[in-house]
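> Sequence isn't available, so here's the structure alone:
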DNA sequence: TCAAAATCTAAACAAATGTTAACGAACGGA
DNA sequence: TCCGTTCGTTAACATTTGTTTAGATTTTGA
């Protein structure tokens, strides 16, 4: 619980009492590689904070092919936020790549935060803004860089990613086939 | 000013007095087709609300090729939010496609809002969340749909777009060449 | 420890997409 | 109104990327 408190305090000013209220419904959970944290088709009612490990978010297309849309590392929050906010069935799943320890924040905790924290909306705003900047940057990258260039840059966004996830998942994240990524690496 | 007030009231509860404070530094501006509202390389210190018209946001890659990353329609806010939030030089420009009337919200107005509005952070959170959902959806679309499918779906996001912007800009938005879009249309 | 599964690379071929050039239609400013 | 510009389409060819298959290596789990 130390880690998540530190992450929260980096965003907002929060009293010890408030912190206890926010975290009272939260609990820790450990999942093994390939285990699912959050499943497509279900409404996401939880946000996860990663204490240790790494996860990937996946989405399945009409042909049944699975795509990796995101990796999440230590000290980051992860969820299908669209599903969480809209209360619609999640389009993506979240699964552990390594053995991963998370703190589960149920919807009740988040709603308690918006209602009772002095800076609850501010925290929501900062989280949303953080992801906004991330998505915005990612979108611009997609217009401006080739897949090879995006491969070269990926460890800026996900440090040490090459040592932690198999290459075919990186290819999936880049939107290219694993065979093609292997080809591109030869040229770099 | 009616329109922007209506848009704001759809997000938050705000008194008439607060509204006047928020809008006191805002002003109206009209630009002709192809005129620039916001230029790449400059720090964005303004958010625009579109009363009438349509704009596109563009980014230029290393080879000097211009890409259309976004269209913005009536009753929407538009800016390079990353530049606005981070106070870093904007990567993209915003230009009018049709003759466009906007309300300019300078940074001073936004900051006044965060500081003085009862629900200032809430408004910030809702705007950021709205864009989060938009980007998230857009990203998932890119993994799951082919360019042809994204072309077929584009008018769900940008109603009537086909009658308002030249096709080569739509191709640019989709990330394909205008020639290729022309080819794809034949097959649909 | 050992067999099965996962992973990466490579080659050959197929499909998708980009580039260039040409042409006619529509559009816009003088 | 007229002429230059922008726009959309088409064809031919080039490049990029996907698919399939195979083989070698590593990892995993019983």
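Thanks, I have it. Just so it is clear, the structure is predicted and the values come from calculations on it, not from any experiment.
> right, and residue A:178 touches residue A:151 too?
No: with contact defined as C-beta atoms under 8 Å, residue A:178 does not reach residue A:151; the gap is 12.0 Å. For the C-beta atoms, the positions are set from N, CA and C on the backbone; glycine is no exception.
> Show me which of those two is the more surrounded one.
Comparing residue A:178 with residue A:151 by other C-beta atoms under 10 Å in any protein chain shown, the one with more neighbours is residue A:151, at 21 against 15.
> ok, the more buried one - contacts?
By C-beta atoms under 8 Å, 6 or more residues apart in numbering or on different chains, the contact set of residue A:151 is A:170, A:174, A:181, A:184, A:185, A:188.
> can you check residue A:152 too?
residue A:188.
> and the most centrally placed residue in chain A, backbone torsions?
Closest to where the C-alpha atoms of chain A average out (C-alpha atoms, centre = their mean) is residue A:78, at 3.3 Å. Dihedral pair for residue A:78: phi -140, psi 140, per degrees, to the nearest 10.
> got a winner among the contacts of residue A:151 for most neighbours?
residue A:170 leads those on contacts (other C-beta under 10 Å) with 21 neighbours.
> quick one: the strands in chain A?
A:27-31, A:36-38, A:46-52, A:55-60, A:66-72, A:77-78, A:92-96, A:100-106 (DSSP state E).
> Quick check: buried residues in stretch A:103-121?
A:103, A:104, A:105, A:109, A:110, A:112, A:113, A:117, A:119, A:120, A:121 (16 or more other C-beta atoms under 10 Å in any protein chain shown).
> Could you check the pLDDT of residue A:121?
Residue A:121 is assigned a predicted lDDT (pLDDT) of 88.
> Not including adjacent chain positions, what is the nearest residue to it?
Residue nearest to residue A:121 in three dimensions, not counting chain neighbours: residue B:121, with 4.0 Å by C-beta to C-beta, 6 or more residues apart in numbering or on different chains.
> quick one: the one you found from residue B:115, how far?
10 Å (C-beta to C-beta, to the nearest Å).
> Over to residue A:117?
18 Å.
> so how far is residue A:23 from the residue nearest to residue A:121?
21 Å.
> unless I'm mixing things up, residue A:182 is touching residue A:166, no?
No: counting by C-beta under 8 Å, residue A:182 sits too far from residue A:166 to count as a contact (12.0 Å).
> Return the residues of chain A in contact with DNA strand D.
Applying C-beta under 7 Å from any atom of the strand, one finds that chain A approaches DNA strand D through A:33, A:146, A:147, A:148, A:175, A:176, A:177, A:179, A:180, A:183, A:184.
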